[in-house]
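A.B. asks: coordinates for the following, if possible.
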Amino acid sequence: MDFDVLKDLVQTITRNKIKNIEVLGNPGEEKSRVELMYDGISAGKFKSEEDIARHFFKSDAKDPNYRKLKNKLIRQLVNTAFFVDVNQPAFNERAKAYFTAYRDFAAASILMLRNTGKSGVYLFQLVLEQAIKYEFIELAADVARILRRDYARIAGDYEKNQYFTGLHRKYEEKRRYETLALDYNETLVSYYITKRSPNEEIHQRATTYFNELLPLADQVDTSAFYNFTYNIGIIKYLSVNDIEKALQICNEALKILEPRKNTNRGTLVSLTMQKMACYTQLRITDSITVREMLEYCLSMLEEGSFNWVRVHEVYFYHCTYSGRHEEALEVYGKISQSPSFSLIDGSHHDNWLLLGGYLHLLAKLGALDPAKVEDVVGPFRYGRFFNEIEVLAKDKEGMNIPLVFLSILFHLAQKTFDEQKDITVDGLEKYRQRWLANDMNRRSDSFLKMLIAFAKKEFATAAAEKKISKELEVLKSETPQVSGQNFAVEVVPYETLWALLNAKT
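C.D. replies: Purely as a prediction, here's the structure:
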């Protein structure tokens, strides 16, 4: 740093310095209302704004005093964000550089507004260096644009103006292609998630996008562009249930992205989870290889994070599909005993409750020790279990299916189907015709037909055996949908459940 730049910084701060920076943890404020409010929220003492307002003001969240306190905490939290300690395991070198670069970008922007050109330009050049090194493409384009302008208007340095003009054009082009790939990817993802069944329209659209983007990959040459492009390739094949080709695309993407220092860890985790799901759907029971995938993902994830929970869920399915039910129980125990388990909400919370219910079902069917399951999952209280699940119950042709089947299977396994009044054969037949008789749920449709025959005690007749044999052929001809899904509709393969149910009776 030139002395002129240092002098420029000192003079700027002298003119604009403040007496006290409002951040959390200032000495002497340990017992302030702001600090107490922060501690209460952090510890889970306050569940809502109403709780906080009652605690401090014996009022409600509309109280002006509460709003003033809340705004003060928000301001201190935002200010404190600039002093986050990045020297911890959760931050790798790229994450540290990302935090530092954007913090310095904000500081440089503020300095430029204070008419301190020398120090602002100096900081922008440092930011640009890091942005190029770590492939922060948007940041590189923005900073190069600012420096291009400033060297044309302020510094009057033609050579540097031309240098930054070249960089600006280069990174704007990269940004344009990354944005195009992002747009194609997001268009497909939002459409594909709503269409879980094989879909030719999605396949054709993904094929068009993939064929347009892939030839540009060497030219753009950024990790983000490769990621978006190959994700489109994965959707291209998942949309027609070509799992082998989807697995091939996963491997190609990982081969390119793993050696690159600038690849986001989340990208590698996502691709590896998709690869794990492909193994599960293809019924590749190579436990050593899949376990290595799990460990690879965990090496890049912070324990308790959303993806840390998610990758265990994907591995849970692999265990149930491979018949390793004891290991599935161990996975459930690891997640349920994690402090982050209580923070899982919405459909993800419901799904883990559902997984616990299926572990109890496996115990009821003789595949697991009931005492071990109860020790890990807790006791299964039938009525309370179904009342606790709120989100999945509304998805009539998606994740509601395993919830409905769990109830049927439990009653059939403990021979109480005829005694209960909540589920009737006629009601199940109506549910099947309305929600399952479609291409998306063909396997579930066939399995429910089998369960209805079982409930009606028709499975022992010749006609019923012929009918059930026909439905079993449907199950054999189609693989369960695991890859590309947010959740597996079949927590345990229907063939496995059918075999266990028949063995039980």
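A.B. asks: what residues are up against the residue sitting nearest the centre point of the chain?
C.D. replies: Geometric centre of the chain, nearest residue: residue 307, 5.6 Å, by C-alpha atoms, centre = their mean. Contact analysis of residue 307 by C-beta atoms under 8 Å, 6 or more residues apart in numbering lists 266, 269-270, 297, 301. (Each C-beta comes from the backbone N, C-alpha and C, glycine too.)
A.B. asks: quick one: which helix or strand includes residue 290?
C.D. replies: For residue 290, the element it lies in under DSSP states H and E is helix 287-298.
A.B. asks: just the CA trace of the helix or strand just after that helix, in PDB.
C.D. replies: Per DSSP H and E, the first helix or strand lying C-terminal to helix 287-298 is helix 306-321. Listed next in PDB are the C-alpha coordinates belonging to helix 306-321 (Å, rounded to 0.1, in the frame of the first residue of the first chain):
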ATOM      1  CA  PHE A 306     -29.400 -28.800   6.400                       C
ATOM      2  CA  ASN A 307     -27.400 -30.700   3.800                       C
ATOM      3  CA  TRP A 308     -25.800 -32.800   6.600                       C
ATOM      4  CA  VAL A 309     -29.300 -34.000   7.600                       C
ATOM      5  CA  ARG A 310     -30.300 -34.300   3.900                       C
ATOM      6  CA  VAL A 311     -27.300 -36.600   3.000                       C
ATOM      7  CA  HIS A 312     -28.100 -38.900   5.900                       C
ATOM      8  CA  GLU A 313     -31.700 -39.100   4.600                       C
ATOM      9  CA  VAL A 314     -30.500 -40.100   1.100                       C
ATOM     10  CA  TYR A 315     -28.300 -42.700   2.800                       C
ATOM     11  CA  PHE A 316     -31.200 -43.900   4.900                       C
ATOM     12  CA  TYR A 317     -33.100 -44.800   1.700                       C
ATOM     13  CA  HIS A 318     -30.100 -46.600   0.400                       C
ATOM     14  CA  CYS A 319     -30.000 -48.700   3.500                       C
ATOM     15  CA  THR A 320     -33.700 -49.600   3.400                       C
ATOM     16  CA  TYR A 321     -33.500 -50.400  -0.300                       C
END
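A.B. asks: next, the residues that contact the next helix-or-strand element following helix 306-321 from outside, please.
C.D. replies: Heading C-terminal from helix 306-321, the first helix or strand you meet, by DSSP H and E, is helix 325-336. Residues from elsewhere that reach helix 325-336 (C-beta under 8 Å, 6+ apart): 309, 312-313, 315-316, 319-320, 341, 352, 355-356, 359, 362, 367-368, 372-373, 376-377.
A.B. asks: of those, keep whichever come out buried.
C.D. replies: For the contacts of helix 325-336, a burial check counting by 16 or more other C-beta atoms under 10 Å picks out 309, 312-313, 315-316, 319-320, 352, 355-356, 359, 362, 367-368, 373, 376-377.
A.B. asks: quick one on the thing from earlier: need the contacts of residue 307 in a markdown table (columns: pLDDT and distance to residue 96).
C.D. replies: As requested, the contacts of residue 307 are exported to a markdown table (pLDDT from 0 to 100; distance: C-beta to C-beta, whole Å):
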| residue | pLDDT | distance to residue 96 |
| --- | --- | --- |
| 266 | 91 | 16 |
| 269 | 96 | 19 |
| 270 | 94 | 22 |
| 297 | 96 | 21 |
| 301 | 91 | 17 |
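A.B. asks: just the residues you listed now: which is nearest residue 97?
C.D. replies: residue 266 (15.7 Å; C-beta to C-beta).
A.B. asks: so what's the residue count around that closest one?
C.D. replies: When neighbours are counted by other C-beta atoms under 10 Å, residue 266 registers 13.
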